[in-house]
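[1] Below: sequence and its predicted model.
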Amino acid sequence: MMSSPTEQLEELFSLVTAADKYASISPDLIREIGAKELAKRRNLKEAVKETRNKLHQVGSAYQEKPIPYSAWLDELKDLPNDLHDEQVKTTLKRQMSMHASTAERLSILPHVFNDALGSIAPLHSILDLACGLNPLCLPWMPAAAEVEYTACDIYADMTGYLNHYFEHFKINGSAFVCDLTQTIPQNSVQVALLLKTIPCLDQVDKNAAKHLLAALKAKYILVSFPAHSLGGKSKGMLQNYETRFNQLTEGESWKITKMDFTGELAFMIEK
Ligand SMILES: C[S@@+](CC[C@H](N)C(=O)[O-])C[C@H]1O[C@@H](n2cnc3c(N)ncnc32)[C@H](O)[C@@H]1O
């Protein structure tokens, strides 16, 4: 007997998440991509393969090796709880080198957030969307001591670790799993960060980024795009991303400032 679309989707979900690499990813995102692939592909096997490919492109590709969160938790316990301690900052930089996106930012860490956000400092509430390991940059951000830091990404193991990080350093923060193509956090904040993520959202749903920018309850949104691909190619990318950003903000009466955010194409939106 043929299985129903719901049964097929659940079978796809079990097969995809049987691989460790995808087991921590938001079930909402896996099911969303899976349902589209089941509709497009000839059979379950092809749909599973294409779902895994897409999850790799939007998530796993940035984590070349599995991130050793349980070892990091042990490491965290032995660290002083002062975020500005030199040993702490060295450890955070080493951890950030395990995610391709924050690894790229390490050399400019001392000035990049001051350059981009200094004019609205001190930051008192931050919503870090599709955060990766970016919340570990907090010691280098022009933030108030009691800043409220909310972060989300598609990985449960990553957001779990970030919650331990917030707790250890007594940061007023929380991290949670969220597929931004389906759910838009509704926290009212001073600044939302949407760094290097629009191309990932576009791969799943071309309408998601426009809805997201419009629905965020943030006074400022710092948006950036990567200046080159993970493979190092950069030809035409900046121009294409600037065109994409202009499409996304067309018709809105927001104040937009192109920012100096070395290595990334960045814009500050003031709503
Ligand atoms: C290029 S990385 C950027 C990470 C971080 N914002 C930074 O700049 O360092 C893209 C991030 O988007 C996350 N991501 C991909 N698709 C997502 C989705 N649908 N919803 C939320 N996060 C997503 C990935 O897990 C990854 O951490």
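    Sure thing, it's come through.
[2] For the residue most central in space within the chain, give me its contacts.
    The residue lying closest to the centre of the chain (C-alpha atoms, centre = their mean) is residue 130, at 2.0 Å. For residue 130, the contacting residues are 152, 153, 154, 180, 194, 195, 197, 200, 201, by C-beta atoms under 8 Å, 6 or more residues apart in numbering. In short, each C-beta sits where N, CA and C put it, glycine included.
[3] Equivalent analysis for residue 166, please.
    Applying C-beta under 8 Å, 6+ apart, we find residue 166 in contact with 135, 149, 172, 173, 174, 175.
[4] Out of those, which end up buried?
    135, 149, 173, 174, 175 (16 or more other C-beta atoms under 10 Å).
[5] With distance to the ligand and pLDDT added, can I get those in CSV?
    Shown next, in CSV, are these (distance: C-beta to the nearest ligand atom, whole Å; pLDDT from 0 to 100):
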residue, distance to the ligand, pLDDT
135, 9, 98
149, 14, 98
173, 15, 98
174, 16, 98
175, 12, 98
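[6] Show me the contact partners of the lowest-mean-pLDDT helix or strand in the chain.
    Within the chain, no helix or strand scores below strand 255-261, which has a mean of 86 by mean pLDDT, DSSP states H and E. Strand 255-261 is touched from outside by 112, 115, 116, 222, 224, 249, 266, 267, 268, 269, 270, with contacts defined as C-beta under 8 Å, 6+ apart.
[7] What residues of the helix or strand residue 70 falls within count as buried?
    Secondary-structure assignment from DSSP states H and E places residue 70 in helix 69-77. Buried residues in helix 69-77, counted by 16+ other C-beta under 10 Å: 69, 72, 76.
[8] before we move on, what about stretch 107-118?
    Under the neighbour-count criterion of 16+ other C-beta under 10 Å, stretch 107-118 has 109, 112, 113, 116, 117 buried.
[9] Output that stretch as PDB, nothing but the C-alphas.
    Coordinates of each C-alpha in stretch 107-118 appear next as PDB, following Å, rounded to 0.1, in the frame of the first residue of the first chain:
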ATOM      1  CA  SER A 107      41.000  39.200  12.700                       C
ATOM      2  CA  ILE A 108      38.700  42.200  12.700                       C
ATOM      3  CA  LEU A 109      37.100  41.400  16.100                       C
ATOM      4  CA  PRO A 110      38.800  44.200  18.000                       C
ATOM      5  CA  HIS A 111      37.100  47.000  15.900                       C
ATOM      6  CA  VAL A 112      34.300  45.500  13.800                       C
ATOM      7  CA  PHE A 113      31.400  45.900  16.200                       C
ATOM      8  CA  ASN A 114      32.600  49.300  17.400                       C
ATOM      9  CA  ASP A 115      32.700  50.500  13.800                       C
ATOM     10  CA  ALA A 116      29.300  49.200  13.000                       C
ATOM     11  CA  LEU A 117      27.400  49.700  16.300                       C
ATOM     12  CA  GLY A 118      29.400  52.400  18.100                       C
END
